[in-house]
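Colleague: next one to model:
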Amino acid sequence: MGDKTMTAAEAVSRLESGMTLGIGGWGSRRKPMALVRALLRSGIGDLTVVSYGGPDVGMLAAAGRVRKLVTAFVTLDSIPLEPHYRAARERGDFELMEVDEGMFMWGLRAAAQRLPFLPVRAGIGSDVMRVNPGLRTVTSPYEDGETFVAMPALRLDAALVHVNRADRLGNGQYLGPDPYFDDLFCEAADAAYVSCERIVDTAELTKEAAPQTLLLKRHVVTGVVEAPNGAHFTSCAPDYGRDEVFQKQYASTPWPQFAGRFLGGDEQAYRSAVRNWQREQG
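Modeller: Now for the predicted structure:
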């Protein structure tokens, strides 16, 4: 329970090819992009990615790092369908398990509770069952005799999430409008790496915010990375909103060109490249 601080590169160095990796956030909101960028700079691939997908999925798919994707959607929010994900999917680059949003959450919850599955009504009577022939149903043993989808646990080797504040012990705090199930990602994983806008003393976490904002508990967190602006270009409310102008640039630029300009160095180089691009745009 000591100091868990590390760099993004140190966190990624603990990951391996072939892992099942959960990525928190939601669409283009509070994604751990500094950690995703560090992952892209590594040679790690052949990943099973579990995510309410946004540019994290788009970038990893475009870079050829994904073997299988488990998701409920992949969106940039203001741009409905993530274009780099779409292109990779149309090429057939990876296997896809697409489920209902509620089923996805129930899969994380089952893993967090160390259960093999949890019953859920979502999916019954829909094409979710047709496109996922491996899914099974279960019948209630009680008088109702109702049939449910048996959503399998989404057990993770590692999770990456981003929050507003954290302490060095691994307690993580969100200050925006929604936790985005980041606590479940961490609880469902064997190891959880949390990036944050700022590391603060433990007492400061509840000085101006309610205890309910302490989303992540230290016992489920393996490492803490201080990464100011670490969700860019996604939002991290209330610290900053989505960088819509830059997101449009990302969405409209061929992947090799985007990666070559913005992902060739470390986070300092990334921020410098973004500033240079912004100056060019006037």
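Colleague: list the buried ones in stretch 70-86?
Modeller: Buried residues in stretch 70-86, defined by neighbour count with 16 or more other C-beta atoms under 10 Å: 70-77, 79, 82-85. The C-beta positions use only the backbone N, C-alpha and C, and glycine is treated the same way.
Colleague: the stretch 151-282 of the chain: helices as residue ranges?
Modeller: Along the stretch 151-282 of the chain, the segments classed as helices by DSSP state H, counting those that start in this stretch run 182-187, 244-252, 255-262, 267-280.
Colleague: make CSV out of those helices and add mean neighbour count, mean pLDDT and distance to Glu10.
Modeller: Output for the helices of the stretch 151-282 of the chain, formatted as CSV (neighbours: other C-beta atoms under 10 Å; pLDDT from 0 to 100; distance: least, C-beta to C-beta, whole Å):
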stretch, mean neighbour count, mean pLDDT, distance to Glu10
helix 182-187, 26, 98, 18
helix 244-252, 16, 98, 26
helix 255-262, 15, 97, 22
helix 267-280, 14, 96, 13
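Colleague: report pLDDT for the closest residue in space to Asp201 that isn't next to it in sequence.
Modeller: In space, and not counting its chain neighbours, Asp201 is closest to Asp167: 6.5 Å by C-beta to C-beta, 6 or more residues apart in numbering. Among the per-residue scores, Asp167 shows a pLDDT of 98.
Colleague: next one: Arg89 from Glu95, what distance?
Modeller: 10 Å (C-beta to C-beta, to the nearest Å).
Colleague: between the two, which has more neighbouring residues?
Modeller: Arg89 (19 against 11; other C-beta atoms under 10 Å).
Colleague: show me the contacts for the more buried one.
Modeller: Taking C-beta atoms under 8 Å, 6 or more residues apart in numbering, we find Arg89 in contact with Ala61, Leu96.
Colleague: sweet, I'm off.
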